[in-house]
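Student: next come a sequence and a model predicted from it.
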Amino acid sequence: MRYKVKAIQAGQMTELELEAANEAELRERLAGQGMQPVSFRAERSFSLKKSDFALSLFTQELIALIEAGLTLVEAVETLKEKSAQDGSRVVLTRIIEGLYQGLPLSRVLSTMPEHFPPLYIATVGSAEKTGHLADALKRYHHYESRLAMVRKKVVSALVYPMVIITIGGAIMLFLLFYVIPKFSQIYASMKTLPFAAQVMLWWGELVHSNGTVIFAAIIGTIAAVVMLLRTQAVQAMLQELFWRIPRLEEYRRLFALTRFYRTVGLLLAGGLSIIAAMDLAAQLLPQNMRLALTRAIVDIKSGQPLSSILPKYGLTTPVSERLLRVGEQSGELATMTERAAQFCDEELERAIEMFTRLFEPILMLIIGVMIGTIVFLLYMPIFELAGNMQ
């Protein structure tokens, strides 16, 4: 929310505009700048969504400016100058204000969790200890790019089946509400009809008399199902049922392990301890794997090696288990966790390819059988009548 503020600073009255989530935060920010508020008024509210602030673009541009020799404050001010009057400018303004107050960048970002995820903040915080912010941001950007690639593979594997289902459904509606009623008129004048022709005639008469109501009911049902699918409760229930399918559960596990290993590798490369890195990465795991990781962390704190504890709780693959063991022995645990993520990537890609090779033909077969059944019912009476005339 934007506030128009009148405040006293160094004995002088000043007027300024500030962004704050609420009045308490506004007073805290004014006190941090050495100002005594006299009055303030909320001008307008900003409903900032994650899409209003392009985190990936901000990261890439910040890396380029820092590597060009600009200080952090100069880099953010440059980004603010080139930004439009939108949510991005508001976020950059808040970052600049926090930096001028002497706060570290990670502390400023932590006040805007709707735009900066905990992993991003932890990456920046670890870089502040080493002084290599650009390198840390590069690692984070690479991390996000790799995860985006994996997500794209999963989504693309689901797009084709959805297209097939949509086209198949449209063809079914066309056959049911246009083709069959037309064909049924051929059988209306006949006295003796085969069973298939009777079914066609019954459906044709039903569509002629109540076709609009039936079609509206089908469309309304589809719209209601779509609205239900958009609710969080239904999505959570369907996801839980979906992931209980045996083979899909394995794919989900591979995807979770990919994110987990890549996150741990990123944080270890940034200077965090293995316990702190795993605590942060735990939020990326499904509930059952998160509970297993919590128990694993307890064992690791007691001094047991990582390479023997994670397999115990089912948090490795055969390849990643060996890589972790090598990483502990060589002191290159961050590198080996990243390689473990790469191997999980490859295994997940093979699993997705196998899934699509099996699922797409089966789906095509089901839709083909449904459409073929309707076509069979359309033409079978004609063949029967032709046979009886011989």
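Tutor: Noted; the coordinates are in hand. Numbering: from 1, shown residues only.
Student: show the average pLDDT along stretch 109-120.
Tutor: The pLDDT scores in stretch 109-120 average 83.
Student: how long is it end to end?
Tutor: One end of stretch 109-120 to the other measures 9 Å (CA to CA, to the nearest Å).
Student: can you check stretch 238-253 too?
Tutor: End-to-end distance of stretch 238-253 (CA to CA): 17 Å.
Student: show me the helices in the stretch 1-150 of the chain, by range?
Tutor: Under the criterion DSSP state H, counting those that start in this stretch, helices of the stretch 1-150 of the chain are mapped to 23-32, 55-67, 72-82, 87-100, 105-110, 118-130, 133-174.
Student: kindly report the same for the stretch 251-390 of the chain.
Tutor: In the stretch 251-390 of the chain, the helices defined using DSSP H, counting those that start in this stretch lie at 274-281, 287-301, 306-312, 318-330, 333-389.
Student: so which of those is nearest residue 205?
Tutor: helix 333-389 (15.1 Å; CB to CB). Placement of C-beta: from N, CA and C, glycine included.
Student: what's the closest one packed up against?
Tutor: If you count contacts as 3 or more CB pairs under 8 Å, 6 or more residues apart in numbering; DSSP states H and E, helix 333-389 packs onto helix 133-174, helix 180-187, helix 195-229, helix 246-269, helix 318-330.
Student: could you dump these to a markdown table with mean neighbour count, distance to residue 307 and mean pLDDT?
Tutor: A markdown table is the format used below for the helices and strands packed on helix 333-389 (neighbours: other CB atoms under 10 Å; distance: least, CB to CB, whole Å; pLDDT from 0 to 100):
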| stretch | mean neighbour count | distance to residue 307 | mean pLDDT |
| --- | --- | --- | --- |
| helix 133-174 | 15 | 22 | 78 |
| helix 180-187 | 17 | 65 | 76 |
| helix 195-229 | 13 | 42 | 84 |
| helix 246-269 | 21 | 13 | 79 |
| helix 318-330 | 17 | 4 | 87 |
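Student: residue 276 is nearest to which of those?
Tutor: With CB to CB as the criterion, residue 276 lies closest to helix 246-269 of the helices and strands packed on helix 333-389, at 7.1 Å.
Student: just want the angle from that closest one to helix 274-281.
Tutor: Helix 246-269 runs at 130 degrees relative to helix 274-281, counting by axes from the mean of the first three to the mean of the last three CA atoms, to 10 degrees.
Student: counting contacts, what elements does helix 246-269 pack onto?
Tutor: By 3+ CB pairs under 8 Å, 6+ apart, helix 246-269 packs against helix 118-130, helix 133-174, helix 232-243, helix 274-281, helix 287-301, helix 333-389.
Student: quick one, that helix and helix 232-243 angle?
Tutor: Put simply, helix 246-269 runs at 110 degrees to helix 232-243, going by the same axes, to 10 degrees.
Student: can you list the domains in this structure?
Tutor: Domain assignment for the chain by automatic domain parsing gives 2-44, 51-116, 133-210+243-390.
Student: quick check: mean pLDDT of the first one?
Tutor: By that I understand domain 2-44. Summarised as a single mean, pLDDT over domain 2-44 is 69.
Student: touching, residue 280 and residue 121? I think so.
Tutor: No: Residue 280 is beyond contact range of residue 121, at 9.5 Å (criterion: CB atoms under 8 Å).
Student: about what we covered before: for residue 161, find the nearest of the helices of the stretch 251-390 of the chain.
Tutor: Among the helices of the stretch 251-390 of the chain, the nearest to residue 161 by CB to CB is helix 333-389 (5.4 Å).
Student: distance from that closest one to the middle of the chain?
Tutor: What separates the centre of helix 333-389 from the centre of its chain is 25 Å, taken as CA atoms, centre = their mean, to the nearest Å.
Student: ditto for stretch 292-311
Tutor: Between the centre of stretch 292-311 and the centre of its chain there are 29 Å (CA atoms, centre = their mean).
Student: contacting residues around it?
Tutor: Here stretch 292-311 makes contact (CB atoms under 8 Å, 6 or more residues apart in numbering) with 260, 274-275, 278-279, 281-282, 285, 312-316, 321, 324-325, 327-328, 333.
Student: now with 6 Å, please.
Tutor: Applying CB atoms under 6 Å, 6 or more residues apart in numbering, the contact partners of stretch 292-311 are 278, 282, 313, 316, 321, 324, 325, 328.
Student: which two among the residues you listed are spaced furthest apart?
Tutor: Spatially, the most separated pair among the contacts of stretch 292-311 is 282 and 325, at 21.8 Å (CB to CB).
Student: so what's residue 336 closest to, chain neighbours aside?
Tutor: Once flanking residues are discounted, residue 336 sits nearest to residue 327: 3.0 Å by CB to CB, 6 or more residues apart in numbering.
Student: phi first, then psi, for residue 302.
Tutor: Per-residue torsions, residue 302: phi -80, psi 0 (degrees, to the nearest 10).
Student: give me the neighbour count for it.
Tutor: 8 (other CB atoms under 10 Å).
Student: residue contacts, residue 337?
Tutor: Going by CB under 6 Å, 6+ apart, residue 337 touches 261, 264, 265.
Student: dump those residues into a markdown table; add distance to residue 295 as well.
Tutor: Shown next, in a markdown table, are these (distance: CB to CB, whole Å):
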| residue | distance to residue 295 |
| --- | --- |
| 261 | 18 |
| 264 | 17 |
| 265 | 22 |
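Student: for those residues, which one is nearest residue 67?
Tutor: Residue 67 lies nearest to residue 265 out of the contacts of residue 337, by CB to CB, at 22.5 Å.
Student: can I get the helices of the stretch 1-150 of the chain in TSV with distance to residue 300?
Tutor: Shown next, in TSV, are the helices of the stretch 1-150 of the chain (distance: least, CB to CB, whole Å):
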stretch	distance to residue 300
helix 23-32	38
helix 55-67	31
helix 72-82	35
helix 87-100	35
helix 105-110	25
helix 118-130	19
helix 133-174	23
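Student: if I look at the residue most central in space within the chain, how far off is residue 203?
Tutor: Centrality entry for the chain: nearest residue to the mean C-alpha point is residue 151, 7.6 Å, by CA atoms, centre = their mean. Remark: distance between residue 151 and residue 203 (CB to CB, to the nearest Å) = 44 Å.
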